[in-house]
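1. sequence first, predicted coordinates after that:
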Amino acid sequence: MARLYIVWMIVLGFIFNSCLKEVSEPIEPAVLKKLRLIPTDPVNVIYLNFKNLKKSKYWNDLLVKDLAVKEKTSKIIFDSLGVDFERDIDEIIIATEWNDFQTFIITLNKAYRNLELKQQFNDFKILIDDKILFITNDSQRIEQVENNQFENSFTRNPLFRRIINSIQYKDYFWFVTRNTSIFLNLMKDGSKNDEKIENLFRSINFINFSLKFDKDLSINSHWECVDEYKANLLRGILNGIISALILTEPNDPFVNELSRANLYIENKGVDIQLKISKERVNELRQSIIANKLKRITEYER
């Protein structure tokens, strides 16, 4: 009887944990096709769907200011194109590489013929296909795309399927990085544990963040490790950091929300899942911790 009870507890536990994890959204075939334009091994990939974001109740109150083009290279590109960041664009994909090559894939909401676009500016060249602009400072990549050569493509990266499948929300915003040093610098505190943390971060293949703007703001982050053992170590460190923040910054709005997050092991990685109401999202603008994180990631990007 005791044995049967234990079996039932395991089964029920499995069902309960499965319910906590939402099914990852499928990626649109049109987006998948555009990702072929990105080179094999990008450091960062950012996806923004303005068409969907503008439909959300968060657009006017929260998103317009936060999504303003502030990064220098991106601002030069949009200014040079003559494209209005808010009015003319449905979707943007941005990829950066270790060698400073950058790729911009811009989907317009009108035919390019209705806009006065330049074919080249500074070191960047543009390929135009109806409403899609492919922009890069990598001349070799331009030549490959012109000749429909996609052998050296992001979609051929051995980690590509794991990266895409681990992105929880794909319809609004997602961000993938292999530059784990952004977060490593946040976790080091000058103690003897720094070396252990550095070694652990070398075992991280990639980190992603994705957002869903629905009734609530849903946030998911996946930290993919080389194996489940490393993932368990990482979950312990992340839980420790959250606990320390709760003790040192108990009144910070972002820390209060983070304390409600679910952390669990998922496919050799750690998933962080969090939902925040629109009313509480407004309070996050007053968070010292959230603003520090935002400044660090903007600088690194």
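-> Thanks, I have the structure now. Because the structure is a prediction, the values reported are computed rather than measured.
2. could you verify my assumption that residue 216 touches residue 277?
-> Yes. Assessed by Cβ atoms under 8 Å, residue 216 is found in contact with residue 277 at 5.3 Å. Placement of C-beta: from N, CA and C, glycine included.
3. who's more crowded, these two?
-> Higher neighbour count among residue 216 and residue 277: residue 216, with 15 against 12, using other Cβ atoms under 10 Å.
4. any idea how far that one lies from residue 273?
-> 12 Å (Cβ to Cβ, to the nearest Å).
5. and residue 136, by the same measure?
-> Here residue 136 is placed at a distance of 35 Å from residue 273 (Cβ to Cβ).
6. show me which of these two is the more surrounded one.
-> Taking other Cβ under 10 Å, residue 136 and residue 273 do not tie; residue 136 has more neighbours (24 against 19).
7. distance check, that one against residue 105.
-> Distance from residue 136 to residue 105, counting by Cβ to Cβ: 9 Å.
8. try residue 128
-> In terms of Cβ to Cβ, residue 128 sits 12 Å off from residue 105.
9. tell me, what's touching those two both at once?
-> residue 134 (Cβ atoms under 8 Å, 6 or more residues apart in numbering).
10. more neighbours: these two, which one.
-> Taking other Cβ under 10 Å, residue 128 and residue 105 do not tie; residue 105 has more neighbours (21 against 17).
11. which one is the more buried one nearest to, not counting chain neighbours?
-> residue 93 (4.2 Å; Cβ to Cβ, 6 or more residues apart in numbering).
12. need phi/psi at that neighbour.
-> phi -120, psi 130 (degrees, to the nearest 10).
13. can you give me the strands for this structure?
-> 44-49, 89-96, 102-108, 120-121, 124-129, 132-136, 173-177, 204-213, 216-225, 262-266, 269-277 (DSSP state E).
14. which of those has the lowest mean pLDDT?
-> Note on these: lowest mean pLDDT is at strand 120-121, with a mean of 64.
15. JSON lines for the strands of the chain, including distance to residue 244?
-> Listed next are the strands of the chain as JSON lines, based on distance: least, Cβ to Cβ, whole Å:
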{"stretch": "strand 44-49", "distance to residue 244": "28"}
{"stretch": "strand 89-96", "distance to residue 244": "31"}
{"stretch": "strand 102-108", "distance to residue 244": "36"}
{"stretch": "strand 120-121", "distance to residue 244": "47"}
{"stretch": "strand 124-129", "distance to residue 244": "44"}
{"stretch": "strand 132-136", "distance to residue 244": "42"}
{"stretch": "strand 173-177", "distance to residue 244": "23"}
{"stretch": "strand 204-213", "distance to residue 244": "20"}
{"stretch": "strand 216-225", "distance to residue 244": "18"}
{"stretch": "strand 262-266", "distance to residue 244": "14"}
{"stretch": "strand 269-277", "distance to residue 244": "16"}
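16. so which of these comes closest to residue 183?
-> The closest of the strands of the chain to residue 183 is strand 204-213. By Cβ to Cβ, the value is 6.8 Å.
17. for the closest one, packing partners?
-> helix 160-166, strand 173-177, strand 216-225 (3 or more Cβ pairs under 8 Å, 6 or more residues apart in numbering; DSSP states H and E).
18. what lies in contact with the first one?
-> If I follow you right, that is helix 160-166. In contact with helix 160-166 (Cβ under 8 Å, 6+ apart) are residues 24, 27, 32, 154, 157, 176, 205-206, 208, 222, 224, 266-267, 269.
19. go on, the last one?
-> Strand 216-225 is contacted from outside by 58, 162-163, 166-169, 203-212, 231, 234, 238, 266-278, 281, using Cβ under 8 Å, 6+ apart.
20. now restrict the residues you listed to buried residues only.
-> Listed as buried from the contacts of strand 216-225 are 58, 162-163, 166-169, 203-212, 231, 234, 238, 266, 268-276, 278, 281; burial here means 16 or more other Cβ atoms under 10 Å.
21. ok, back up a step: surely the residue nearest to residue 105 touches residue 44?
-> No. At 11.1 Å, residue 93 does not count as touching residue 44 under the criterion of Cβ under 8 Å.
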